[in-house]
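Colleague: Next one to model:
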Amino acid sequence: MVSDDGIAAAAPGGVEGHMANEAQVAIRLPTDFLKRAGVLVAAMKKSPAMQAWSLTRSSVLRLAVQRGLDVLEAEYAPKRRRPR
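Modeller: Predicted coordinates:
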């Protein structure tokens, strides 16, 4: 199923449907990005902070997107005014 914004929603109860707020998105990435993510999987698995996580190349790419969005939002998103 594809929503109005073009995002393919995961089927309920399916392999990807374990989280209600997930959607599958297909994008093209340079092969270098995939290689770099693969190298990071091995390095991150050695980190004590990551021992509880089941790290895959996909999970590393998700984390990279999340961190990148955080940086871009900090730089470009409109600043919220604090109430007086």
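
Colleague: What residues sit buried inside the lengthiest helix in the chain?
Modeller: Ranked by number of residues, the top helix in the chain under DSSP state H is helix 57-76. Residues of helix 57-76 classed as buried: 57, 60-61, 63 (neighbour count, 16 or more other Cβ atoms under 10 Å). No exception for glycine: its C-beta is placed from N, CA and C like everyone else's.

Colleague: which residues are in contact with that helix?
Modeller: Contacts to helix 57-76, defined as Cβ atoms under 8 Å, 6 or more residues apart in numbering, come from residues 29, 33-34, 37-38, 40-41, 44, 53.

Colleague: Now, of these, which are buried?
Modeller: Neighbour-count burial (16+ other Cβ under 10 Å) applied to the contacts of helix 57-76 gives 37, 40-41, 44.

Colleague: can you redo the residues you listed as CSV with pLDDT?
Modeller: Shown next, in CSV, are the buried ones among the contacts of helix 57-76 (pLDDT from 0 to 100):
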residue, pLDDT
Ala37, 97
Leu40, 95
Val41, 95
Met44, 93
